[in-house]
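Enquirer: the sequence and its predicted three-dimensional model are supplied below.
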Amino acid sequence: LVGYRNFLVPTGEPIHEGSDRLERLMTGYQAGQRDSAEALIHEVSPVLLRFYLSLGHSRTEAEELLQDAWLRIHKARATWRSGEKLMPWVYAIARYARVDSIRRQARVRRHEEELTELVESQAAQPETAEQTGEAFALLAQLPESQRETIVMLKVDGMSLEEVARATSSSVGAVKQRAHRAYEKLRQLLGHKRLTQGGAE
Amino acid sequence: VNHDDIHIHVPLSQPRRAPIDPRLLDGLKAVKPAPAVGALALRLLVLTIALLALGALAFGTRGVRAMSGAQIALYSAIVAAGAAGFAYLAANESSPAARRRLAPVAATGTFFALLAVGFIPLFVWHPASGFPMTTCIVLTLSGSALAIAASWALLRRGFFVRPMAAGLASASLAAATGFSIIQTLCPYMEGVHILSAHVLPAAGFAFVGGAAMASFLRRKNRT
């Protein structure tokens, strides 16, 4: 992966690492403090928006999913336990909101007799370069489960344990998905370097 | 390349629309955080024991008194392990970011397989015994239904990201309770009767009730 440091940054600082600020805000949200709730929404929304965009949704779809996720987070806010990391909990609900939305859309389309691999097509649709940039274009070539894992691990800087919690899977399964994603990224980047070299 | 050192930088941007309706925040109320998974599992277990005690008080304990020492020991061990396991699984599924996810279908299958293969062979086998079935089936299903309704009082505040697993775990706990109630009160110590009027209705409740519960949880999770 060396050589593509325009978007692979070794010392990037994920927003939630090394601080319990989000957890404090969540505690305030649970206590009914509006200021804490607003601050939390302001800090977490861009992260979730980026997550949905990275999974291949358009900006409009991603913002709709974001609203849906926040409604569910609001409704489920009592289920976050003090002492837990917040982001795995947020991601678990955000993922569920997305899966449920895709399932509902699939049901609607089935009624219209037009269902043809909705989930795959939605997930695989690459965004335009303008909307997503180079990193998203590259991530868009990974299978969905690997893309989701890489976004949580390498974009948001979550630990393996946190990603396992957010995705309802084991640490071993997360490691395996990440390893396969690294292999695929290495191939893609190698191919890209060769293509660029050829052009020069 | 050490993958641990790499961070992919993708810029963040605020959404163009408010991500949450401000009216929800206007009426924001304090909520009591849900208990820890272990504490919730313990409460579910206490509820199960209370229902079993209630069943024994209401219908008596002729079933237990008719069993041999070996039968009681195995029955208690299977039911206690099953109830504890299902209580933990149900409590764990109520937390969106629980630490370990297990497959309740394996636990449910093992529980009923142990009853069918380990417990029932300890009884005499008289297929033509003619023991009444309907009362036992109705009581097993009623006890299970009561147990799942009661456990919902403890689980209702959860958010279930795996509705099928959560439904199966809570329905299996209820089925184990229903089975325990009938086994404690029914004095007919005969293999075919226990299998077809106690174990199979409870197993059916676990799987059918689990699917129904999953559908209910999916609707509950919607906004």
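Expert: Yep, that arrived.
Enquirer: residues contacting the closest residue in space to B:A211 that isn't next to it in sequence?
Expert: Closest residue to B:A211 apart from its sequence neighbours, by CB to CB, 6 or more residues apart in numbering or on different chains: B:G167 at 6.6 Å. In this view, the C-beta of every residue, glycine as well, is placed from N, C-alpha and C. By CB atoms under 8 Å, 6 or more residues apart in numbering or on different chains, B:G167 lies in contact with B:G209, B:G210, B:A211, B:A212, B:M213, B:A214, B:S215, B:F216, B:L217.
Enquirer: got a pLDDT number for the second one?
Expert: Here, the pLDDT recorded for B:G210 equals 97.
Enquirer: does B:K220 belong to a helix or a strand, and which?
Expert: Under the criterion of DSSP states H and E, B:K220 resides in helix B:210-221.
Enquirer: and that helix, what does it pack against?
Expert: On a contact count with 3 or more CB pairs under 8 Å, 6 or more residues apart in numbering or on different chains; DSSP states H and E, helix B:210-221 meets helix A:86-111, helix B:163-185.
Enquirer: adding distance to B:A91 and mean pLDDT, write those helices out as JSON lines.
Expert: What follows is the helices and strands packed on helix B:210-221, written out as JSON lines (distance: least, CB to CB, whole Å; pLDDT from 0 to 100):
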{"stretch": "helix A:86-111", "distance to B:A91": "16", "mean pLDDT": "88"}
{"stretch": "helix B:163-185", "distance to B:A91": "9", "mean pLDDT": "96"}
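Enquirer: deepest of those helices, which one?
Expert: Of all the helices and strands packed on helix B:210-221, helix B:163-185 has the most neighbours on average by mean count of other CB atoms under 10 Å in any protein chain shown, namely a mean of 28.
Enquirer: and the helices and strands packed on helix B:210-221: which comes nearest B:A202?
Expert: Of all these, helix B:163-185 sits nearest to B:A202, with 4.0 Å by CB to CB.
Enquirer: which secondary structure elements does the helix or strand that that closest one is followed by contact?
Expert: Following helix B:163-185 in sequence order, the next helix or strand is helix B:191-193 (DSSP H and E). The contact analysis (3+ CB pairs under 8 Å, 6+ apart) places helix B:191-193 against no helix or strand.
Enquirer: next structured bit after helix B:191-193?
Expert: Per DSSP H and E, the first helix or strand lying C-terminal to helix B:191-193 is helix B:200-204.
Enquirer: residues contacting A:R104?
Expert: By CB under 8 Å, 6+ apart, the contact set of A:R104 is empty.
Enquirer: cutoff 10 Å now
Expert: Neighbour list for A:R104: B:R222 [criterion: CB atoms under 10 Å, 6 or more residues apart in numbering or on different chains].
Enquirer: now A:Y96
Expert: Applying CB under 10 Å, 6+ apart to A:Y96 gives the contacts A:68-69, A:72, A:76, A:168, B:96, B:159-163, B:218, B:221.
Enquirer: in CSV: those residues, plus distance to A:V90.
Expert: Shown next, in CSV, are those (distance: CB to CB, whole Å):
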residue, distance to A:V90
A:D68, 13
A:A69, 8
A:R72, 10
A:A76, 10
A:S168, 14
B:P96, 9
B:F159, 12
B:F160, 16
B:V161, 12
B:R162, 17
B:P163, 19
B:R218, 20
B:N221, 15
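Enquirer: now, which of those residues sits nearest A:P143?
Expert: Using CB to CB, A:S168 is the member of those that lies nearest A:P143, at 17.7 Å.
Enquirer: which residue is the nearest non-sequential neighbour of A:P46?
Expert: With CB to CB, 6+ apart, the residue lying closest to A:P46 is B:L12, at 3.8 Å.
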